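Engineer: dropping a prediction and its sequence here:
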Amino acid sequence: MVSQEQRRRQLAREKFLRQQQRRTEARRKARLRNSVIASVLGVVVIGSVALYTTGVLKDDGDKKENASAEVTPSASPTSKAPDPCAKPAAGSVQTLSWKKEPAMTIDTSAKYTLKLATTCGDIGIALKTSAAPHTVNSFDFLAGKGYFDHTKCHRLTTQGIYVLQCGDPQGTGMGGPGYTLPDENLKDKSLKNNTYPAGTVAMANTGQKHTGGSQFFLVYKDSPLPPSYTPFGTIDAAGMKVLSKIAAAGESTGAGDGAPNATVVINKATVSKS
């Protein structure tokens, strides 16, 4: 027969075991919860780093590597400034695509200029033909086909790096001409100390080598970037004033990276030999 003392000890032991089981289960759940939280935070951090290393200039056609702005704390959206630009010209974007890079037809020893007639004003660009012949030849080809006409400049960055990104007929950062271009002129003497100086026009890409398409960015203020984006042109003084006007209107998110508040549409792009 079990004595009262033995029964008391048995009940105490069973109670202790139940308490241990509850504590063990609570610790297991806590570890699981912390693991999930850590995983989520890891994804957020990795995503933020990816934006920094590949994004702004990411041609999201892959989503195109197009290079992203420096990761900064979120800012509250501010009220929009008045749109400084005119209404777009009548017309619509053409849906065009090619399977391979166009054959070389430009004179690589000649000087060429690219004129972007935008809703915000004309932007003139002296092209670096001999240093970036594939890129300049592609722009000559695409402009001649009306590829850039009526397209929006879809991205403006105002923190970390300072660029206006254009050249996507879709206006989403996902578009391209169907072919890719080789990287060129990455040792341009203007690219010093991992900086793309104000006035530079360069190709966006997917973050991988030789993945430029049609998207490009115009630098309106010195921007810290690695020499990974083909610099193929220099903006004239009038064009820099246009970019300053666009930048002053800000971007849509209030956080330094989004669609420009200004209605920036390329009414007509023209490449001319001089």
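Structural biologist: Now that the structure is in, tell me what you want to look at. Note that the coordinates shown come from a computational prediction; the quantities given were computed from them, not determined experimentally.

Engineer: from residue 244, how far off is residue 271?
Structural biologist: The spacing between residue 271 and residue 244, counted by Cβ to Cβ, to the nearest Å, is 24 Å. Using the backbone N, CA and C atoms, a C-beta is placed for each residue, glycine as well.

Engineer: what of residue 220?
Structural biologist: 6 Å.

Engineer: between those two, tell me which one has more neighbours.
Structural biologist: Between residue 220 and residue 244, counted using other Cβ atoms under 10 Å, the more crowded position is residue 220 (26 against 12).

Engineer: so which helix or strand takes in the nearest residue to that one once chain neighbours are set aside?
Structural biologist: Excluding the flanking residues, the one nearest residue 220 by Cβ to Cβ, 6 or more residues apart in numbering is residue 243, at 3.9 Å. For residue 243, the host element (DSSP states H and E) is helix 237-248.

Engineer: go on, residue 214?
Structural biologist: Using DSSP H and E, residue 214 falls within no helix or strand.

Engineer: ok, now the one 4 residues further on?
Structural biologist: Using DSSP H and E, the element containing residue 218 is strand 216-219.

Engineer: send me the helix holding residue 243 as PDB with only the CA atoms.
Structural biologist: The C-alpha trace of helix 237-248 is given here as PDB (Å, rounded to 0.1, in the frame of the first residue of the first chain):
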ATOM      1  CA  ALA A 237      24.400  73.300 -70.100                       C
ATOM      2  CA  ALA A 238      20.800  73.800 -71.200                       C
ATOM      3  CA  GLY A 239      20.100  70.100 -70.500                       C
ATOM      4  CA  MET A 240      21.500  70.400 -67.000                       C
ATOM      5  CA  LYS A 241      19.100  73.300 -66.300                       C
ATOM      6  CA  VAL A 242      16.300  71.000 -67.400                       C
ATOM      7  CA  LEU A 243      17.500  68.200 -65.100                       C
ATOM      8  CA  SER A 244      17.700  70.700 -62.200                       C
ATOM      9  CA  LYS A 245      14.100  71.700 -62.700                       C
ATOM     10  CA  ILE A 246      13.000  68.100 -62.800                       C
ATOM     11  CA  ALA A 247      15.000  67.200 -59.600                       C
ATOM     12  CA  ALA A 248      13.600  70.300 -57.800                       C
END
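
Engineer: and that helix, which residues are buried?
Structural biologist: Across helix 237-248, burial judged by 16 or more other Cβ atoms under 10 Å covers 239-240, 242-243, 245-247.

Engineer: let's have these in a markdown table, adding distance to residue 190 and pLDDT.
Structural biologist: Shown next, in a markdown table, are these (distance: Cβ to Cβ, whole Å; pLDDT from 0 to 100):
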| residue | distance to residue 190 | pLDDT |
| --- | --- | --- |
| 239 | 16 | 98 |
| 240 | 15 | 98 |
| 242 | 21 | 98 |
| 243 | 17 | 98 |
| 245 | 24 | 97 |
| 246 | 22 | 98 |
| 247 | 20 | 98 |
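
Engineer: secondary structure class for residue 135?
Structural biologist: helix (DSSP: H, G, I helix; E, B strand; the rest coil).

Engineer: not counting its neighbours along the chain, what's nearest it?
Structural biologist: Excluding its sequence neighbours, the residue lying closest to residue 135 (Cβ to Cβ, 6+ apart) is residue 232, at 4.4 Å.

Engineer: next one, pLDDT for the one you found please.
Structural biologist: Note for residue 232: predicted pLDDT of 98.

Engineer: same check on residue 216?
Structural biologist: 98.

Engineer: what residues are up against it?
Structural biologist: Taking Cβ atoms under 8 Å, 6 or more residues apart in numbering, we find residue 216 in contact with 165-167, 201-204, 232.

Engineer: restricted to helices, list the residues you listed.
Structural biologist: Within the contacts of residue 216, no residue falls in helices by DSSP state H.

Engineer: helices along this structure, start to end?
Structural biologist: So, for the chain - with DSSP H - the helices run 4-50, 133-144, 237-248.

Engineer: that older thread, just the buried ones among the contacts of residue 216, please.
Structural biologist: Buried subset of these (neighbour count, 16+ other Cβ under 10 Å): 165-167, 201-204, 232.

Engineer: can you flag which of those residues belong to strands?
Structural biologist: 165-166, 201-203, 232 (DSSP state E).
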